[in-house]
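**Q** Just to be clear, the model below is a prediction. Sequence and coordinates:
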Amino acid sequence: MTPATSARMTLSPVRSIAEVEAAWRALEAEADPSFFQSWTWIGCLAEERFPRPVLLTALRDKRTVGLALLNCTPGPLRSERLWLSESGDPALDAVYTEHNGLLLARDASDLLPACVWTLLRATVQPGIRNGGRWGRRLRLAGVDSAHLAAGQKAGTIRLLEKSAAPFVNLAALPPGPDGYLASLSANTRYQIRRSNRCFARLGQIEVCQAETEPEALAFLDALATLHQRTWATRGEKGAFANQHFLRFHRALIARA
């Protein structure tokens, strides 16, 4: 039992990814997750991305109202590090999770501070002491201000990087491209229309949606080729030089 909440929090090693998937998908129906909190993303290549997975579970009246999947890696002096929705391996984490966070039911947002408190202090591995000299490090990448506030409330937190995560609710805009353009600044509208005129000299501009998985994969391969060509001219490797990055997105297309 954690402070200031009637919910029961547990942090335990994962025995079965399939069981996590079932619980996760069930909770998704009671939450409002971003795409990066959905099992479509979290569960993609999960066995590879989470070699030492641990699961935070929040129960209220025997009902699962909160979940978080993390990878556990060893730290100095028998300490440990937990990575929310990440592996801790830079090559595997190059997919760059945005709009990250704990998966909480709509009526359980008040449990966020207690969940973070549990992640910092609950025992996962026997013989590893949490708190005090050995302690635990928790990495929360791509989270919002509510998660940062919960971390500050639970203990010492260090902000390593802050960046904007733009979001446009297209459903709230009038239909058609002009609806979105009207929400932009005059200068941005001018730049977009100027770019469109330049592209139109090469041929008609079209937007089409992949109808099959092979077609979607072909779109991805074409994008990767153009991306790599662009970055190579700048003397850089490019994101798709990382084979896991390409494998992850091909697997993601198949899953979605």
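**A** Looks like it arrived, so ask away.

**Q** what about the strands in this structure?
**A** 8-13, 53-60, 63-74, 80-84, 103-104, 136-139 (DSSP state E).

**Q** any idea which of these is most buried?
**A** Comparing the strands of the chain by mean neighbour count (mean count of other CB atoms under 10 Å), strand 103-104 comes out on top with a mean of 25. Backbone N, C-alpha and C define where each C-beta goes, glycine included.

**Q** packing partners for it?
**A** On a contact count with 3 or more CB pairs under 8 Å, 6 or more residues apart in numbering; DSSP states H and E, strand 103-104 meets helix 17-28, strand 63-74.

**Q** out of the ones you listed, which comes closest to D89?
**A** strand 63-74 (8.5 Å; CB to CB).

**Q** between the closest one and strand 80-84, how big is the angle?
**A** Using axes from the mean of the first three to the mean of the last three CA atoms, to 10 degrees, the inter-axis angle of strand 63-74 relative to strand 80-84 is 130 degrees.

**Q** Who are the packing partners of strand 63-74?
**A** For strand 63-74, the packing partners by 3+ CB pairs under 8 Å, 6+ apart are helix 17-28, strand 53-60, strand 80-84, strand 103-104, helix 112-121.

**Q** could you dump the ones you listed to a markdown table with distance to R136 and mean pLDDT?
**A** Below are the helices and strands packed on strand 63-74 laid out as a markdown table (distance: least, CB to CB, whole Å; pLDDT from 0 to 100):
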| stretch | distance to R136 | mean pLDDT |
| --- | --- | --- |
| helix 17-28 | 21 | 97 |
| strand 53-60 | 11 | 96 |
| strand 80-84 | 6 | 92 |
| strand 103-104 | 21 | 98 |
| helix 112-121 | 6 | 91 |
